[in-house]
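K.L.:
Test case, fold it:
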Amino acid sequence: MKEYGGYIQLDTYRGQEYYPNLLAFNSGRGALRFLIRIRNIKKLYLPGFCCSTVWEACEAEGISWEFYQVDAAFRPVFDKELANGEWLYVVNHYGVFASCEMEALRRTFHKVIADNTHAFFRHPLSDMDTLYSCRKFFGVPDGAYLSLGMEEGWEHAGRMKRFFESAMQQYSLLPVDQSFERMGFLLGRYEAPASEFYQEYAKNNDRFSGEPVKQMSKLTHNLLRAIDYEEVKSRRTRNFSFLSRQLSKMNRLVLPLIPGAYAYPLWLKEGMGQGSKIRQELIRKKVYVPCLWPEVENHCPKMSIDCQMASDILPLPVDQRYDEKEMEEILAILFSVCE
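P.N.:
Prediction:
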């Protein structure tokens, strides 16, 4: 029976999500698991430098995976011919890939999945399956999107139509997630220091490892309709550009201007300090720079480029909470610990 009256809940926002027409899931891991099912994927080739949630999704779906290396510009070092049921999984690290580069990979390898976890504002290609994460860019407890590409060789519209109808039917049968119990760390940080709620944040991340595949919650959909996406993109772009002008001469990475950047990845040149030690000092001074991804050392050789990047790249914050003033403060702290 419908309820009337009583106390008022969170308002319903009337804006529009950035990707209103994509399939919406409670997590990127869930979106990948769904994609594995509907594409009937048997094996994924994954970059060694990537998040453990990717191969955990493979494990949960009972498929095999194999790691390949990326070079110092994050491009795949991969020349195998993909067999039936095999797909190449490409992570758009820090959003450095332009759309034309992704398209070139698709033309070469045909069966390619683009992971745009670090590139929320990079629109999907029509012929490539693409994954997005909401939590890495916005103050939401969960959420991910999946864009289904039109697979090469589907000249007959009937076959393509049947695939999309089947995918939508399977999607409609998924349970809808609920997010209200995951809001504590977000609401807490709004009024108190992040350090007071970090453990709750970490616990929220761990919850998804045991979660079944679900549709995005009504609450997360609602929060995503309240965001001014153009302002978020503009601020992130300006902050990235500011740090790039100040730090490019110190950076081993040659970076393009990345619209709506996730972070500014700084890999200090030799003789300018060890990234892992500088990270500790930055965190001690309350510049919270994550290590992406420490688990890499468990499956890559100790001196490999993958391990070096995981240990020493400093993803400096450029998000929408900040402006040039905060970027200057971050730089001052960085320079003080690099002396």
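
K.L.:
State the number of residues packed around F34.
P.N.:
Other residues lying near F34 total 24 when counted by other Cβ atoms under 10 Å. Placement of C-beta: from N, CA and C, glycine included.

K.L.:
so it touches L23, yeah?
P.N.:
Yes: between F34 and L23 there is a contact under Cβ atoms under 8 Å: 7.5 Å.

K.L.:
So which residues of the stretch 101-250 of the chain form helices?
P.N.:
157-172, 184-191, 198-207, 218-224, 229-247 (DSSP state H, counting those that start in this stretch).

K.L.:
Tell me which of the ones you listed is the most buried.
P.N.:
helix 218-224 (a mean of 20; mean count of other Cβ atoms under 10 Å).

K.L.:
quick one: contacts of that one?
P.N.:
Identification of contacts with helix 218-224 by Cβ atoms under 8 Å, 6 or more residues apart in numbering yields 10, 12-13, 17-18, 24, 26, 134, 138-143, 176-180, 183.

K.L.:
In strands, which of these fall?
P.N.:
In strands, judged by DSSP state E, the following of those are found: A24.

K.L.:
From the centroid of the chain, which residue is nearest?
P.N.:
T117 (1.9 Å; Cα atoms, centre = their mean).

K.L.:
which residues sit in contact with it?
P.N.:
Neighbours of T117 in contact, by Cβ under 8 Å, 6+ apart: G28, C51, V91, N92, L131, Y132, S133, K136.

K.L.:
thought the second one was touching W293?
P.N.:
Read it as C51. Yes: in this structure, C51 is within contact of W293 by Cβ under 8 Å, at 5.1 Å.

K.L.:
Would you reformat the helices of the stretch 101-250 of the chain as TSV and include distance to F74?
P.N.:
Listed next are the helices of the stretch 101-250 of the chain as TSV, based on distance: least, Cβ to Cβ, whole Å:
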stretch	distance to F74
helix 157-172	30
helix 184-191	30
helix 198-207	23
helix 218-224	28
helix 229-247	16
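
K.L.:
Indicate which one of those is closest to D127.
P.N.:
D127 lies closest, by Cβ to Cβ, to one member of the helices of the stretch 101-250 of the chain: helix 157-172, at 11.1 Å.

K.L.:
by contact count, what packs against the closest one?
P.N.:
In terms of contact count using 3 or more Cβ pairs under 8 Å, 6 or more residues apart in numbering; DSSP states H and E, helix 157-172 is assigned the packing partners helix 28-39.

K.L.:
circling back: is it possible to export the helices of the stretch 101-250 of the chain to JSON lines including distance to I113 and mean pLDDT?
P.N.:
Shown next, in JSON lines, are those (distance: least, Cβ to Cβ, whole Å; pLDDT from 0 to 100):
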{"stretch": "helix 157-172", "distance to I113": "15", "mean pLDDT": "90"}
{"stretch": "helix 184-191", "distance to I113": "29", "mean pLDDT": "92"}
{"stretch": "helix 198-207", "distance to I113": "22", "mean pLDDT": "86"}
{"stretch": "helix 218-224", "distance to I113": "23", "mean pLDDT": "98"}
{"stretch": "helix 229-247", "distance to I113": "24", "mean pLDDT": "98"}
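
K.L.:
out of these, nearest to E281?
P.N.:
helix 229-247 (16.5 Å).

K.L.:
what's the helix or strand that comes right after the closest one packed up against?
P.N.:
Following helix 229-247 in sequence order, the next helix or strand is strand 263-266 (DSSP states H and E). Counting contacts by 3+ Cβ pairs under 8 Å, 6+ apart, strand 263-266 is packed against helix 229-247, strand 314-317.

K.L.:
Go ahead and measure how far stretch 296-308 is from the middle of the chain.
P.N.:
21 Å (Cα atoms, centre = their mean, to the nearest Å).

K.L.:
export that stretch as CSV, just CAs?
P.N.:
Provided in CSV are the C-alpha atoms of stretch 296-308 (Å, rounded to 0.1, in the frame of the first residue of the first chain):
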residue,chain,number,x,y,z
VAL,A,296,50.1,-5.3,-9.4
GLU,A,297,53.3,-6.5,-7.7
ASN,A,298,51.6,-9.9,-6.9
HIS,A,299,51.5,-10.9,-10.6
CYS,A,300,54.1,-8.8,-12.4
PRO,A,301,57.9,-9.0,-12.1
LYS,A,302,59.3,-6.8,-9.4
MET,A,303,61.3,-4.5,-11.8
SER,A,304,58.6,-4.5,-14.6
ILE,A,305,57.2,-1.2,-15.8
ASP,A,306,53.8,-2.2,-14.4
CYS,A,307,55.2,-2.4,-10.9
GLN,A,308,57.2,0.8,-11.3
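
K.L.:
now the chain, which segments are flagged as low pLDDT?
P.N.:
151-157, 339 (pLDDT under 70).

K.L.:
let's see it at 80
P.N.:
Along the chain, segments meeting pLDDT under 80 span 150-158, 271, 300, 302-303, 339.

K.L.:
who touches L253 in this structure?
P.N.:
L253 is in contact with A72, A73, P265, L266, W267, I313, counting by Cβ under 8 Å, 6+ apart.

K.L.:
Distance-wise, check it relative to R245.
P.N.:
For L253, the distance to R245 equals 15 Å [Cβ to Cβ, to the nearest Å].

K.L.:
Count the residues that sit near the closest residue to M309 other than its chain neighbours.
P.N.:
In space, and not counting its chain neighbours, M309 is closest to F49: 5.6 Å by Cβ to Cβ, 6 or more residues apart in numbering. Residues lying near F49 (other Cβ under 10 Å) number 24.
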